[in-house]
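Engineer: I'll drop the sequence and a predicted model, then ask my questions.
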Amino acid sequence: KAGVTQTPRYLIKTRGQQVTLSCSPISGHRSVSWYQQTPGQGLQFLFEYFSETQRNKGNFPGRFSGRQFSNSRSEMNVSTLELGDSALYLCASSLGLAGGFSSYNEQFFGPGTRLTVL
Amino acid sequence: GEDVEQSLFLSVREGDSSVINCTYTDSSSTYLYWYKQEPGAGLQLLTYIFSNMDMKQDQRLTVLLNKKDKHLSLRIADTQTGDSAIYFCAERRAAGNKLTFGGGTRVLVKP
C-alpha cells in the first residue's frame, strides 16, 4: 500500500507570490491534516479535513487555506508569501476522525514539502 | 493551555538505555504519542499511550505516563545508532485528529 505522498517535495518562491501544495492520502483514508514545521515554532497544526469539510483550524492567518476533494486528496494554499512562511509542510492522513476517548486513529505522515521563500 | 515541552538534546552510548522526557499541561488529553523524525523524512509513529494507562511496553520501547504530574517518558532499551533522530511527543484531546507537539528532543547515539 502506498504511503502518503506530497508534491512537490521542494519549492522556492519569492515574497508576495502564492503557492499550492498537494497531499494524496493513503488509499481508503478520508481524513487529512496539515502541519507547519519550522526551527523556531516547531510543529504547528494548520487544519484538518474530513469528507471535504474543514473540521478544525489552527491559529494561522487567512493567507493559509486548504481544501479536500471527493477522492480525499487535499491541497493547501498560501497567498502573499512572507519570508516567515519558509518551512516544511507536513500532511498526515488517517482513516477517519478520532472520536472521544475510544478512538486511537493512527495518523500517517508524508515526507513533507520544503518551501523556501526568498 | 496548549503547551508540550521536551528537553532539546540527549547523547547516549550505543547499547545503553535512552530516556526522553516530556511534560504537558492539558489534563483533558486522551492519547499521548511518540514520533520519530529522521533527516529529510516525515514523522514516524513509534508508540502511543491512552491517558488511563500508566505504562505501555512495545519491544525496545517503554512509555511511562504520570498523569498527576502530567509527565510522559519514552525509554529505548539497547539504543542503536539507527535510533539517532529527533523524537517528538504529542498529545491529542477528546475529538478530532489535531496533535499538539513538543519541540522535539534530538537524540545522538555514539558508537
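Structural biologist: Right, received. Where do you want to start?

Engineer: Can you pull up the most central residue in chain A?
Structural biologist: With distances taken as C-alpha atoms, centre = their mean, A:W34 lies nearest the centre of chain A, 2.6 Å away.

Engineer: which non-adjacent residue is nearest that one?
Structural biologist: In space, A:W34 comes closest to A:L46 once its chain neighbours are excluded; the distance is 4.0 Å by C-beta to C-beta, 6 or more residues apart in numbering or on different chains. Quick note: C-beta positions are derived from backbone N, CA and C, even for glycine.

Engineer: about what we covered before: wasn't the residue nearest to the centre of chain A part of a strand?
Structural biologist: Yes. Read with DSSP: H, G, I helix; E, B strand; the rest coil, A:W34 is one of the residues of a strand.

Engineer: list the contacts for it?
Structural biologist: A:23, A:45-48, A:66, A:74, A:76, A:89-92 (C-beta atoms under 8 Å, 6 or more residues apart in numbering or on different chains).

Engineer: A:D85 touches A:L118, doesn't it?
Structural biologist: No. Checked against C-beta atoms under 8 Å, the pair A:D85 and A:L118 is beyond contact range at 11.1 Å.

Engineer: These two: who's more crowded?
Structural biologist: A direct count of neighbours by other C-beta atoms under 10 Å in any protein chain shown for A:D85 and A:L118 places A:D85 higher, at 21 against 10.

Engineer: If you tally nearby residues, what's the number for the spatially closest residue to that one that is not a sequence neighbour?
Structural biologist: Distance criterion C-beta to C-beta, 6+ apart; nearest residue to A:D85, sequence neighbours excluded, is A:V117 at 5.2 Å. Applying other C-beta under 10 Å, we find 19 other residues in the vicinity of A:V117.

Engineer: Can you tell me how far A:V117 is from B:E38?
Structural biologist: 25 Å (C-beta to C-beta, to the nearest Å).

Engineer: B:P111 now?
Structural biologist: According to C-beta to C-beta, B:P111 stands 18 Å off from B:E38.

Engineer: Looking at these two, which one has more neighbours?
Structural biologist: Using other C-beta under 10 Å as the criterion, B:P111 and B:E38 rank with B:E38 on top: 13 against 7.

Engineer: residue contacts, that one?
Structural biologist: So B:E38 contacts B:44, B:85-86 (C-beta under 8 Å, 6+ apart).

Engineer: so what strands line up beside the helix or strand encompassing B:V63?
Structural biologist: Per DSSP states H and E, B:V63 falls inside strand B:61-66. Next to strand B:61-66 in the sheet, as set by DSSP bridges, lie strand B:55-58 (antiparallel), strand B:71-76 (antiparallel).

Engineer: all strands of chain B, in order?
Structural biologist: Using DSSP state E, the strands of chain B run over B:4-6, B:9-13, B:18-24, B:31-37, B:43-50, B:55-58, B:61-66, B:71-76, B:85-92, B:100-101, B:105-110.
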